[in-house]
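Visitor: dropping a prediction and its sequence here:
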Amino acid sequence: MFIGAHVSTRGGYVNAAKTALSMGANAFQYFPMNPRSLATKVVNPKDTSACAQLCKENGILSIGHAPYALNPAVDETERELMVNLLKNGLDITNACGSIGLVVHFGKYTGIEPLQGYKNIIQCLNSATASYTGASLILLENQAGEGSQLGLTMEEMVQVRKLCERPDKIGFCLDTCHAFASRLWQGSDWFELETRGAQLDYLPHLKAVHLNDSVHPLGSRRDRHANIGAGHITLAQFQELLASPFLQDIPIVLETGTGTDGTHREEIRLVNSLLERKCEDDSCILR
Ligand SMILES: [Zn+2]
């Protein structure tokens, strides 16, 4: 499987890949551009291709995470800015050989939620209209903090279906957000798996953000905890990790680093969950 963490791009994209390797990861996430700005970025093609090459040689899968303020649900007046950022981000993740660019589903502050969905579809259509790369836009489910959009698989599947280029759109499941919104209740992975497969959500799941939750089930709060330190049990993570839909996609931690300043120990813990069988039959790996 492909387990890793979010890493810094200090020193370039190729350095992000090297950091992942050095902590025993075979997957990682990075910010293609400044996460706290809405400025586009000009990159050094030597750096992006070196990143792609290093990942290929070492069997590493990567994903990029779009800036926090990239909101595809905004109204038309701000859309061009978001479209340009999406295109820029996709070009970078594509050049780095990444599976996709993770984008939060979007927050809509207007009165009519339907307009929010329409805006997202328009934004995704414009961003992918002339895009020919292999890297996908990966819509991430939301915790429900300050917005009611993007909390269910049904919504995400519908938005993808209604886009002009659904082949350029996939999904990223954040386990903390899913637990906060009750998309995943911790104890119901097998039901979720059956429904997610029927809905055509899981076949397009291209990445996982593996995070525990500081707050209890249904809190609608987005506070990541280290694996085993929050409200999701290790046995529940084990069930999720054993899913056939997770076997060949990047699974990355977005949690705090350990005492050595890296995710080495937490990656080791996650890898141990893949091997270990629980006492009761509920989480024996299939
Ligand atoms: Zn996330």
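Guide: Arrived safely. Numbering: from 1, shown residues only.
Visitor: using PDB, list the CA coordinates for the lengthiest helix in the chain.
Guide: As assigned by DSSP state H, the longest helix anywhere in the chain is helix 76-95. This file holds the C-alpha atoms of helix 76-95, laid out as PDB (Å, rounded to 0.1, in the frame of the first residue of the first chain):
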ATOM      1  CA  GLU A  76     -19.200  34.400 -10.900                       C
ATOM      2  CA  THR A  77     -17.400  37.700 -10.000                       C
ATOM      3  CA  GLU A  78     -14.600  35.800  -8.300                       C
ATOM      4  CA  ARG A  79     -14.600  32.700 -10.500                       C
ATOM      5  CA  GLU A  80     -11.800  33.700 -12.900                       C
ATOM      6  CA  LEU A  81      -9.300  33.900 -10.000                       C
ATOM      7  CA  MET A  82     -10.300  30.400  -8.800                       C
ATOM      8  CA  VAL A  83     -10.200  28.900 -12.300                       C
ATOM      9  CA  ASN A  84      -6.700  30.300 -12.900                       C
ATOM     10  CA  LEU A  85      -5.500  28.900  -9.600                       C
ATOM     11  CA  LEU A  86      -7.000  25.500 -10.400                       C
ATOM     12  CA  LYS A  87      -5.300  25.400 -13.800                       C
ATOM     13  CA  ASN A  88      -2.000  26.500 -12.300                       C
ATOM     14  CA  GLY A  89      -2.200  23.900  -9.500                       C
ATOM     15  CA  LEU A  90      -3.100  21.100 -12.000                       C
ATOM     16  CA  ASP A  91      -0.200  22.000 -14.300                       C
ATOM     17  CA  ILE A  92       2.200  21.700 -11.300                       C
ATOM     18  CA  THR A  93       0.800  18.400 -10.000                       C
ATOM     19  CA  ASN A  94       0.800  17.100 -13.500                       C
ATOM     20  CA  ALA A  95       4.400  18.100 -14.000                       C
END
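Visitor: elements contacting it?
Guide: helix 45-58, strand 61-65, strand 100-104, helix 113-128 (3 or more C-beta pairs under 8 Å, 6 or more residues apart in numbering; DSSP states H and E). Where C-beta positions appear, they are placed from N, C-alpha and C, glycine not excepted.
Visitor: is the third one anywhere near the ion?
Guide: No - with C-beta under 5 Å from the ion as the measure, strand 100-104 is seen stopping short of the ion, the closest distance being 7.0 Å.
Visitor: what's the neighbour count on the residue in the stretch 51-200 of the chain that the ion sits nearest to?
Guide: Nearest to the ion, among the residues of the stretch 51-200 of the chain, is Asp174, at 3.7 Å (C-beta to the ion). A count of neighbours around Asp174, defined by other C-beta atoms under 10 Å, yields 25.
Visitor: one more: Arg10?
Guide: Arg10, neighbours per other C-beta under 10 Å, totals 8.
Visitor: what separation do you get for it and the ion?
Guide: 21 Å (C-beta to the ion, to the nearest Å).
Visitor: still on that earlier bit, now the helices and strands packed on helix 76-95 in JSON lines, with mean pLDDT, distance to Glu80 and mean neighbour count?
Guide: Shown next, in JSON lines, are the helices and strands packed on helix 76-95 (pLDDT from 0 to 100; distance: least, C-beta to C-beta, whole Å; neighbours: other C-beta atoms under 10 Å):
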{"stretch": "helix 45-58", "mean pLDDT": "98", "distance to Glu80": "25", "mean neighbour count": "16"}
{"stretch": "strand 61-65", "mean pLDDT": "98", "distance to Glu80": "21", "mean neighbour count": "27"}
{"stretch": "strand 100-104", "mean pLDDT": "97", "distance to Glu80": "16", "mean neighbour count": "27"}
{"stretch": "helix 113-128", "mean pLDDT": "97", "distance to Glu80": "8", "mean neighbour count": "20"}
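Visitor: now for those, which one comes closest to Glu140?
Guide: Nearest to Glu140, of all the helices and strands packed on helix 76-95, is strand 100-104, at 5.3 Å by C-beta to C-beta.
Visitor: other SSEs contacting that closest one?
Guide: Going by 3+ C-beta pairs under 8 Å, 6+ apart, strand 100-104 lies up against strand 61-65, helix 76-95, strand 136-140, strand 169-174, strand 205-210.
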